[in-house]
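> Sequence and predicted structure, then a few things I'm wondering about:
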Amino acid sequence: MLNRLSKIDACKGCGVRILDPETGVIVARSTRGYAVTIGLVRCGRIWFCPECSASIRRGRTEELKTGALRWIAQGGILAVVVLTARHNRTTELARLASALWGEPKLDARGEPVLDRSGKPRRVPGAYQRMLTDPAFYGRPEAVSWWERKDGSFGHSVRPAVPGIRHKVGYAGMVRASEVTRSQANGYHPHMNLLVFLGGTLDGTPAKGTVTGYFDPTADDLEAWEDWLRDFWAATLKKMDPEFEPSTDCEIRDCKCKGKGHGVMVTIVRSADDAALIEYLTKVQDGKPPADSVTADLDAATGAAMETVRADNKTGRGRKSMTPFQILYRLWDIEVRGTNPRLAEGYGRPDQLRAWWAEYEDAFAGRRAIEWTRGLRGHVHLVGDDSEEGDLEFVYAGAAKEPLTGGVVLTGDAYGTVERTDAEKEMEDVVVREFYDSVGDMVGSLGGRADHVRIATAEELADVQAAMLERLQSKAAKRRAEALMLKLRGELADALEALPDTLTPAELKTAHTKLHADFLRQLIAAQTPTPIPAQPTSASETPATTP
């Protein structure tokens, strides 16, 4: 349904276009009992593709869980924060998303404004403003110089002013955003933050080093939460009064405890809460939470449960849907011929198509999961939040999954299956290991049965090894190019910041030093560093990095 409905070219071809016609398409059974398809082009769009989203979120969740549990094991604490905005059925999704997460900065001609590294500049949203607010971030030391009439120079020093982040030991956060749509109030975009607290830093969170850990006091954590609640509401109000969330609540026995529903905070101190961390970061994949997670959430913050459980919002009848359920409902009605009154969700096909188009327009190009700068280094992880990184999770997942057997289809044979919407039926046959039946199935659909052959586990392992080697080579090249671009931008900024008062000799020395620093950083960044072993759970299971 995504192939037919999407305006995004990558989504139109996801799971349809073949990577290598000579190799064909492999459909195999994993050792865990589900079907794996190898050899198809994937879009890697976490917001829009149910299949790619599942792979990306699995990879991102393991990455985040590893980092979070390392942080706790080292002595830090975590805060789970849920941020929402007021909305109703008339709210424009794109306008609300821009208020929350910002939008590209455009020049007078409507063209994107680029920074020194060639990346588009952005107008910050409430989330970005929250990270840089002086009350939270503090003010660095500042030196002002002036020239006297006699030609001498004077100066004054404004001392550094610590912010709230210093008191709670803020080292960074991970934002995991999600969207639901209710029949009563329309689209509801909101975000889950996993905030890393209790770290003593030498320098800034983005470029500094963690030198120790501590447990922030209850008063400091409460002051941070109060500031966050007031700042969030006030910032959204400035952007549009319609978006201002509540900061209090008069509903009797409400789970928000009178604090309102715009900001909700839960503190996590124990590695025993690993299931909670995974649950809170794994959204919109339709999987129910573990019993322990439900218990943790009920005990910690009942109000947050309803807000963060996008991954469990698949059984709410006519009242609410995730965006993927829009696709499912369209499929049920238009392909399976299900009576609209019996199909899950709500809305006529024309409404569903309009809602999906609005969703695509609002979220194309946005990141669903984003780490603040420097945080990965604080928990000894590598990687980034790019779309290329997402694609690595999509393709590498299939390349690493142990397979027991399967079939190889030519491009023509797979095209027959795809045109007749029989992919699911073919996967079911493969999962049951009736490999001989796949050729008969293709023949019955109008294709050629001899364009299907059975592949052994050994053959599949060879194909996977070759595929993984190509992926790793491409990933290494991409990371090197991104690093070079980043360092070149930093070098250009440093060169431009050199004072005009330097003599030619001093200027030459400064240029030489900056270029040497550039080369040193480039070499250091490409040199692997050992990752310290840390327990990933209360049972001391070794940590792994995807």
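In hand now; what should we look at?
> Quick check: the most centrally placed residue in the chain vs Arg129, distance?
For the chain, the residue nearest the mean C-alpha position is Ile369 (1.6 Å; C-alpha atoms, centre = their mean). Separation of Ile369 from Arg129 (C-beta to C-beta, to the nearest Å): 20 Å. Heads up, the C-betas are built off the backbone N, CA and C, glycines and all.
> And Arg478, by the same measure?
31 Å.
> what's the following helix or strand after the single longest helix found in the chain?
Taking DSSP state H as the criterion, the chain has its longest helix at helix 457-496. Using DSSP states H and E, the next helix or strand after helix 457-496 towards the C-terminus is helix 504-525.
> Mind listing what's buried along that following helix?
The neighbour-count criterion (16 or more other C-beta atoms under 10 Å) identifies Leu514, Phe518, Leu522 as the buried residues of helix 504-525.
> Columns distance to Lys238 on top of the residues you listed, output as TSV?
Below are the buried residues of helix 504-525 laid out as TSV (distance: C-beta to C-beta, whole Å):
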residue	distance to Lys238
Leu514	40
Phe518	40
Leu522	42
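> and the residue lying closest to Lys167 once chain neighbours are set aside, how many neighbours?
Excluding its sequence neighbours, the residue lying closest to Lys167 (C-beta to C-beta, 6 or more residues apart in numbering) is Asp220, at 4.4 Å. Asp220 has 15 neighbouring residues, counting by other C-beta atoms under 10 Å.
> Same check on Asp240?
Using other C-beta under 10 Å, Asp240 has 16 neighbouring residues.
> For Tyr359, give me its contacts.
Contacts for Tyr359 (C-beta atoms under 8 Å, 6 or more residues apart in numbering) come out as Trp47, Phe48, Leu93, Val179, Tyr187, Pro323, Ile326.
> The second one reaches Ala357, doesn't it?
So the one you mean is Phe48. No. With contact defined as C-beta atoms under 8 Å, Phe48 does not count as touching Ala357 (11.4 Å).
> now the strands for the stretch 201-350 of the chain?
Taking DSSP state E, counting those that start in this stretch to define them, one finds strands in the stretch 201-350 of the chain at 209-213, 263-268, 320-321.
> now the shortest one: how far from the chain's centre is it?
Pointing back at strand 320-321 there. Centroid separation for strand 320-321 versus its chain: 22 Å, with C-alpha atoms, centre = their mean, to the nearest Å.
> For the remainder of this discussion, apply numbering that starts at 57.
Sure, I'll start numbering at 57, so the last one becomes strand 376-377.
> in this protein, what residue sits furthest out from the centroid?
The centre of the chain is farthest from one residue, Asp206, which by C-alpha atoms, centre = their mean lies 57.8 Å away.
> thinking again about what came up before, turn the strands of the stretch 257-406 of the chain into CSV, columns for mean pLDDT.
Formatted as CSV, the strands of the stretch 257-406 of the chain follow (pLDDT from 0 to 100):
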stretch, mean pLDDT
strand 265-269, 95
strand 319-324, 88
strand 376-377, 90
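> out of those, nearest to Gly166?
Nearest of these to Gly166, taken as C-beta to C-beta: strand 376-377 at 33.7 Å.
> by contact count, what packs against the closest one?
Judged by 3 or more C-beta pairs under 8 Å, 6 or more residues apart in numbering; DSSP states H and E, strand 376-377 is in contact with strand 228-238.
> Would you mind identifying the next helix or strand past the strand it packs on?
Sequence-wise, the next helix or strand downstream of strand 228-238 (DSSP H and E) is strand 242-253.
> Which other helices and strands does that next one contact?
Helices and strands touching strand 242-253, by 3+ C-beta pairs under 8 Å, 6+ apart, are helix 106-130, strand 133-139, helix 149-157, strand 228-238, helix 330-337, helix 405-419.
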